[in-house]
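J.: need coordinates for the following:
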Amino acid sequence: MFNRVLLATIVLLGWSQQSLIGSERPNFLVILCDDLGYGDLGCYGSESIRTPHLDKLASQGIRLTDCYSASPLCSPARAGLLTGRTPSRTGIYSWIAEGNPMNLKRDEKTIATLLKAANYDTCHVGKWHLNGKFNHPDQTQPDDHGFDHWFATQNNASPTHKNPKNFVRNGKEVGDQKGYSCQLVADEAIDWLEKRKQRDNPFFMFVCFHEPHEPIDSPDEMVAAYPDAEKRGEALYYANVTNMDSAVGRLMKKLDELKINEETLVIFTSDNGPETLNRYKSAWRSHGSSGPLRGMKLHVYEGGIRVPGIIRWTEKVQAGQTSAEPVSGVDFLPTLCELAGVDVPKSKPLDGTSIANLLSGKQVERHKPLFWHYFGGTGNRQVALREGDWKVVARWDGPANMPVGGSLKRGVVPLLKASKLDHFELYHISEDISEKKDVSQQFPDRLQSLSSKAQNLYQEVLAEGPIWFK
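T.: Take a look at the predicted model:
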């Protein structure tokens, strides 16, 4: 009894860095949503959407107020998360349309590749969206990037989240399924956990829900639970998030049942901000919220890149925390590798920083500023950089009519490689979360310092990125 009390006291005071790493390597469960907005969860202030399981998850660990995706749209965000590198370095410049030559190249080291080499079991379930030729030998697939088991779609669940027909399991088409995408993804994850042969091995599982990306469909009983919604599209969206929340709850319950809760680090986040209502024909259900943030998906303003972020590691990380430490998807690879005792490769530039210090209540030592690039950014704002409490936003000096939201087309990358940044805006982001006041005139020295760093990173990143179209 005394030992249990002593242990609990140690936990509440915060574990040391050495105890976090320790001799027992943790399991990793990374859950990624699609187009979930900063303001879409109860624990992030939503008064419209009920998310009891994620609210509970946040109460059990660290709720990040300054969590960022690696990009303001899907495919690049996933590339950045898996590689720890600014997505344009890897050639994932935009979302990947079916048949597009963009794919995560074979020589890119992913979290799964590195952990698998260290005897981790690896599993990917849900949306992949890192190639244009899905399940085709011409491009890399999930197993080429370290995943032992995969159950995935190229992009969205089709025809909708209900009864999708486009899942592939380990290279074989699954065909018609009954149920909703998030629950089918949770089913597969749970089945894999239960049937793992090497139970003594730690695991890395990457769960990528399609929700709440269009084309949205939700269970009737959950839609009916939102009678106050002003439009059917709102009720469908709210229910979609609630359905995803229930799938997260099932995963957490399974960790408890398998008695692996305590040794599993769980990270929950989103690939970018919420979709804009009616931006395209089928987006009439996209009622996501970026809360107090400026912009939405496709913006390098906060609404496009700042997302919900929750970290839980039962009895290793103190519960009930809220942290304003800036954290990005590119930080996941160095963090998980450090906690697993795996060396991070140095053959290519890494942009992320290990946030293992954050888990034990210490400050993160970031050696590079956070950086975002998207050539189709809304309002021709293509680049953002954050360092400490400050953020710059910039456009390029190329054509101002670059198509917004499109996949990569011939001729774009050469234009980018020949371009430079101009028209910098400066925000004191820790005090101006809504980016209402450009303070570039008041702080010229700060503007000069950050714009110079952004310009240099822009040139460096694009110099490395491949040209897909010859």
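J.: could you give the number of residues near Tyr301?
T.: 26 (other Cβ atoms under 10 Å). For glycine as for every other residue, the C-beta is placed from the backbone atoms N, C-alpha and C.
J.: now Ala118
T.: 15.
J.: what's across from the residue lying closest to His149 once chain neighbours are set aside in the sheet?
T.: Leaving aside its chain neighbours, His149 sits nearest to Cys123 (4.6 Å; criterion: Cβ to Cβ, 6 or more residues apart in numbering). Beta-bridge partners recorded for Cys123 (DSSP bridges): His149, Met205.
J.: pLDDT at Cys123, what is it?
T.: pLDDT, Cys123: 98.
J.: all further residue positions should be reported with the first residue as 32.
T.: Taking 32 as the first residue, the last one we looked at is Cys154.
J.: how near is it to Asp222?
T.: As judged by Cβ to Cβ, to the nearest Å, Cys154 and Asp222 stand 10 Å apart.
J.: before we move on, the earlier item: hang on, the residue nearest to His180 packs against Trp223?
T.: Yes - at 5.0 Å, Cys154 counts as touching Trp223 under the criterion of Cβ atoms under 8 Å.
J.: and for these two, which residues touch both?
T.: His180, Met236 (Cβ atoms under 8 Å, 6 or more residues apart in numbering).
J.: which residue sits closest to Thr307, ignoring its sequence neighbours?
T.: Nearest non-adjacent residue to Thr307, counting by Cβ to Cβ, 6+ apart: Met327, 5.1 Å away.
J.: rewinding a little: mind checking which of Cys154 and Trp223 has more residues around it?
T.: Cys154 (23 against 19).
J.: list the contacts of the host helix or strand of Leu367.
T.: Taking DSSP states H and E as the definition, Leu367 sits inside helix 363-371. With contact meaning Cβ under 8 Å, 6+ apart, helix 363-371 is reached by 51-52, 56-57, 59, 61, 112-115, 141-142, 145-146, 149, 151, 233, 235, 296, 298, 373-375, 381, 383-387.
J.: buried among those? Make that a ChimeraX selection.
T.: Only the buried entries of the contacts of helix 363-371 go into this ChimeraX selection, using 16 or more other Cβ atoms under 10 Å:
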select :51,52,56,57,59,61,112,113,114,115,141,142,145,146,151,233,235,296,298,373,381,383,384,385,386,387
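J.: pull the helix or strand with minimum mean pLDDT from the protein.
T.: helix 33-44 (a mean of 34; mean pLDDT, DSSP states H and E).
J.: the residue nearest to Gly163 when sequence neighbours are not counted: how many residues sit nearby?
T.: Spatially, and ignoring its direct neighbours in sequence, Gly163 is nearest to Asn131 (3.4 Å; Cβ to Cβ, 6+ apart). When neighbours are defined as other Cβ under 10 Å, Asn131 has 19 of them.
J.: again with Pro376
T.: 13.
J.: ok, it to Gly115 distance?
T.: The gap separating Pro376 from Gly115 is 10 Å, by Cβ to Cβ.
J.: for Phe234, same thing?
T.: Distance of Phe234 to Gly115, given as Cβ to Cβ: 20 Å.
J.: so which residues of the stretch 32-181 of the chain form strands?
T.: Applying DSSP state E, counting those that start in this stretch to the stretch 32-181 of the chain gives strands spanning 58-64, 93-99, 152-158, 180-184.
J.: now do the stretch 182-331 of the chain
T.: With DSSP E, counting those that start in this stretch as the criterion, the stretch 182-331 of the chain has strands spanning 199-200, 203-204, 234-239, 295-301.
J.: got the ones you listed as a markdown table, with mean pLDDT and distance to Glu369 columns?
T.: What follows is the strands of the stretch 182-331 of the chain, written out as a markdown table (pLDDT from 0 to 100; distance: least, Cβ to Cβ, whole Å):
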| stretch | mean pLDDT | distance to Glu369 |
| --- | --- | --- |
| strand 199-200 | 98 | 32 |
| strand 203-204 | 98 | 36 |
| strand 234-239 | 98 | 14 |
| strand 295-301 | 98 | 12 |
